[in-house]
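# sharing a sequence plus its predicted fold:
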Amino acid sequence: MTSQSEIKGRIHSFESCGTVDGPGLRFIVFMQGCPLRCLYCHNPDSWATDQGKLYSVEEIFEQIQKYKSFMRFSNGGVTVSGGEPLLQAQFVNELFKLCHEQGINTALDTSGIVSAEYDIIQELYSNTDLVLLDMKASNAELYKKVTKGSFKNVSETLNYLTEINKDVWIRHVLVPKLTDYDEYLHELGKLLANRSNIKLVEILPFHQIGEFKWHELELTYELKGVPEPTAERVENAVKILEGYGLKVRA
């Protein structure tokens, strides 16, 4: 059997006291590697699977323990994000096991692109208290345009998390002339409606903060010049989704 000290994960970066990736103050681990190529990605430097720094599960947990009192005081915990953490599911699963042994809440920020048919993915979800599921789009055609990826596994992941009644926060980036159309928002509302495990839908207004990284990596940035959504359009998205019985914040 492989010990925790032998399991290595490729890590992009850490954030010690995050406040936007789950409830309370959270220690956030950003995993390296992602197969998607989201048009609005603000961390394209996290895509490559052969970069980042290698850490053992125990090395990461040593860092987490330094902030345990802050997490307990704020009802926070540990969030693993990316990149795409499901690409390193075994590592994340072992880390979450250690967290649970110490009573630390766990959250997984994922795009859901790895099928839940795999045992290790199901075990990881069982050791996750909250899934932050990035719903990039509401249908297969738009998903392909936004991410260059397939919507199939994402849809199946959403259904699986509903079947096991796993607490989920949905995250959706609102991009003018891309995802910010009433048609798509109604479509998303219908997709998410009547799922009691969805506790919150977060509307994330698009921004240009990561554009410089695309240029540094000599990548073509297709959203150059696209404005941030107006306050009115953000409120419009909130109202449309609330109309489907969802709790929404922006």
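Sure, I can see it. Residues are numbered from 1 along each chain as shown.
# now the nearest residue to residue 19 once chain neighbours are set aside: how far from residue 13?
Nearest in space to residue 19, with sequence neighbours left out and distances taken as Cβ to Cβ, 6 or more residues apart in numbering, is residue 25 at 6.4 Å. Every C-beta, even on glycine, is put in place using the N, C-alpha and C of the backbone. Per Cβ to Cβ, to the nearest Å, residue 25 is found 17 Å from residue 13.
# could you do residue 197 as well?
30 Å.
# roughly how far does the residue nearest to residue 19 sit from residue 226?
33 Å.
# the more surrounded of residue 25 and residue 13?
residue 25 (19 against 16; other Cβ atoms under 10 Å).
# so the more buried one sits against residue 74, correct?
Yes. Counting by Cβ atoms under 8 Å, residue 25 touches residue 74, with 4.2 Å between them.
# pull the helix or strand with minimum mean pLDDT from this protein.
For the chain, the helix or strand with the lowest mean confidence is helix 68-74, at a mean of 90 (criterion: mean pLDDT, DSSP states H and E).
# so which residue is smack in the middle of the protein?
Computing the C-alpha centroid of the chain and ranking residues by Cα atoms, centre = their mean puts residue 109 first, at 2.9 Å.
# how about it, what does it touch?
Shown here is residue 109, whose contacts under the criterion Cβ atoms under 8 Å, 6 or more residues apart in numbering are 21-22, 79-82, 85, 132, 134, 171.
# which of the residues you listed ranks first by neighbour count?
Ranking these using other Cβ under 10 Å puts residue 80 first, with 31 neighbours.
# could you look up the SS state of it?
With DSSP: H, G, I helix; E, B strand; the rest coil as the basis, residue 80 sits in strand.
# wait, isn't it in contact with residue 26?
No. In this structure residue 80 lies outside contact range of residue 26 using Cβ under 8 Å: 10.0 Å.
# intersection of neighbour lists for those two?
With Cβ under 8 Å, 6+ apart as the test, residue 80 and residue 26 both reach residue 107.
# give the pairing partners of the lengthiest strand in the chain; include direction for each.
With DSSP state E setting the assignment, residue counts place strand 8-18 as the longest strand in the chain. Each strand paired with strand 8-18, and its direction, by DSSP bridges: strand 26-31 (antiparallel), strand 53-56 (antiparallel).
# just the ones you listed: most buried one?
Highest mean neighbour count among these (mean count of other Cβ atoms under 10 Å): strand 26-31, with a mean of 24.
# dump the residue contacts of residue 106.
Shown in contact with residue 106 (Cβ under 8 Å, 6+ apart): 77-80, 96, 99-100, 127-130.
# let's see it at 10 Å
Residues near residue 106 by Cβ atoms under 10 Å, 6 or more residues apart in numbering: 22, 26, 77-80, 92, 95-100, 124, 127-131.
# what's the closest non-adjacent residue to it?
In space, residue 106 is closest to residue 96, 4.5 Å off (Cβ to Cβ, 6+ apart).
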